[in-house]
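Trainee: following is a predicted model, sequence given first.
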Amino acid sequence: MKAKILIFIIAVIRAGIFFMVPGCSEKGEPEAEVAHTNESENIIHMHQEEMDKYGIAVGAAEPGELKLEITLPGEIAINTDNMAHIVPRVTGIVREVNVRLGDKVKQGDVLAVLDSRELADAKADYLAARERTALAQANFEREEKLWRDKISSEQEYLSARQNLAEMKITLRSSRQKLIAMGFTPDYLEKLPQEADEPFTRYEITAPFEGTIIEKHIALGEVLKDDAEILIVADLSTVWVNLQVYQKDLPLIRVGQEVCLESRPCLPETHGVIDYVGPIVGTKTRTALARVVLPNPTGELRPGLFVNAKVAIRRERVDVLVNKDHIQYVNDEPCVFVEMADGFEARPVALGESNEDYVVITSGLAAGERYVTGNSFLLKSEWEKAAGGGHINDGHTHIH
């Protein structure tokens, strides 16, 4: 008899241990219980300790500004307004090359030096024309005085005046030739005093601060005056050329905000459209929209392909929520609203949306508190408790 009683007590103890571990799997591993649902009230009850443990956050529904965007493909390009193709302007032999590909230069830096017979001839012609013009001026003034004093004939006076006019034309022509070669008027005024300067030396200088992005020059090379030897670009700003499809053309205009999507080699960058092309490409069937962006660090490298989000419209709405806060229960969008004794899965009507946010047109009012973090845990618990139930008017009916 005592043995039977002992066996009965052991069986009761084992049964108690089994029921103390709910949700055991076939392998005997316990399954964590997040919350419990009151089937009679259709409310998910959860203590604050459980919310903290599973990271369930609650916040108030708020008004907001919905930014509607479209995504356009594009490419970063050199700002050609800040780029220079450098040619020597004179024929000559390369004697010095002072830069390499990728070097940064400042305005006025000497990039290369040529020996040019053409330049020597041009300088000699200019200096000779200056001297001839000075002599012709003096001769004209003398003949004019003699003619007025009735000492010399009018023919001699007119001949001196004509000679002076021709010398001035020659001087002007030789001066303009040197200016076309890149010399400044100030340099030409000082040239007669630069007796020690070789007439053949021609310095090629940087027109502005920038980077050498192309180089086609070598020592000893014979260059023509139209040879493209260097390209200098100021990369402190770049263009982003966006391709606008025909269907999107009515939505794109100058002044719209643009955000370049971030990538491992590209930071998120913001700008505005400053140009929309008036024509559509015959091959691409797209129009050009251009954004000018600052590039102080050089991370925006010309040639990179990008995706750009263009803000086409902004709209103030009564309730704007993050898409992650929406859960679909039985294919119906809902949010979990905080009640006095738990959380209720409440159906909501969705309006316009962008990539991250959606407008709630009904079902959730501004100021109501709802689950904003890890709401999928409540959805899972709700579905387990509801079984084959469905949501109607904010309550779950268990069948």
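Mentor: Received it, and whenever you're ready, just let me know what you need.

Trainee: what is the longest helix that the chain contains packed up against?
Mentor: In the chain, with assignment by DSSP state H, the single longest helix is helix 117-148. Judged by 3 or more Cβ pairs under 8 Å, 6 or more residues apart in numbering; DSSP states H and E, helix 117-148 is in contact with strand 92-97, helix 154-180. For every residue, glycine as well, the C-beta is placed using N, CA and C.

Trainee: contact partners for T80?
Mentor: Under the criterion of Cβ atoms under 8 Å, 6 or more residues apart in numbering, the neighbours of T80 are W239.

Trainee: and the longest helix of the chain, which residues are buried?
Mentor: 118-120, 122-123, 125-127, 129-130, 132-133, 136, 139-140, 143, 147 (16 or more other Cβ atoms under 10 Å).

Trainee: got it, and stretch 150-165?
Mentor: 152, 157, 160-161, 163-164.

Trainee: export these as CSV, with columns for pLDDT and distance to K190.
Mentor: Shown next, in CSV, are these (pLDDT from 0 to 100; distance: Cβ to Cβ, whole Å):
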residue, pLDDT, distance to K190
S152, 84, 37
Y157, 88, 35
A160, 92, 30
R161, 93, 30
N163, 93, 27
L164, 94, 24
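
Trainee: can I get the residues you listed in JSON lines with distance to T71?
Mentor: JSON lines is the format used below for the buried residues of stretch 150-165 (distance: Cβ to Cβ, whole Å):
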{"residue": "S152", "distance to T71": "87"}
{"residue": "Y157", "distance to T71": "81"}
{"residue": "A160", "distance to T71": "78"}
{"residue": "R161", "distance to T71": "75"}
{"residue": "N163", "distance to T71": "74"}
{"residue": "L164", "distance to T71": "72"}
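
Trainee: OK, contacts around the residue nearest to Y157 when sequence neighbours are not counted?
Mentor: Distances taken as Cβ to Cβ, 6 or more residues apart in numbering place W147 nearest to Y157, at 3.8 Å, with adjacent residues excluded. By Cβ under 8 Å, 6+ apart, the residues touching W147 are 153-154, 156-157.

Trainee: contacts for stretch 247-263, please.
Mentor: So stretch 247-263 is contacted by 70-72, 240, 242, 244, 266, 268-276, 280, 287, 289, 291, 293, 306-312 (Cβ under 8 Å, 6+ apart).

Trainee: about what we covered before: relative to L377, which of the helices and strands packed on helix 117-148 is closest?
Mentor: Closest approach to L377 among these (Cβ to Cβ): strand 92-97, 68.3 Å.

Trainee: could you pull out the strands in the stretch 251-399 of the chain for me?
Mentor: Assigned by DSSP state E, counting those that start in this stretch, the strands in the stretch 251-399 of the chain fall at 257-260, 269-280, 286-294, 305-317, 320-322, 327-329, 332-339, 342-347, 349-353, 357-362, 369-373, 390-392, 395-397.

Trainee: please identify the buried residues of the fourth one?
Mentor: By neighbour count with 16+ other Cβ under 10 Å, strand 305-317 contains the buried residues 306, 308-310, 312, 317.

Trainee: who does it pair up with?
Mentor: strand 64-78 (antiparallel), strand 257-260 (antiparallel) (DSSP bridges).

Trainee: convert the last one to CSV, retaining C-alpha atoms only.
Mentor: What follows is the C-alpha trace of strand 257-260 in CSV, where atoms were taken according to Å, rounded to 0.1, in the frame of the first residue of the first chain:
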residue,chain,number,x,y,z
GLU,A,257,16.2,69.0,-53.7
VAL,A,258,18.3,65.9,-54.6
CYS,A,259,19.9,63.3,-52.4
LEU,A,260,22.5,60.9,-53.7
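
Trainee: alright, I will stop here.
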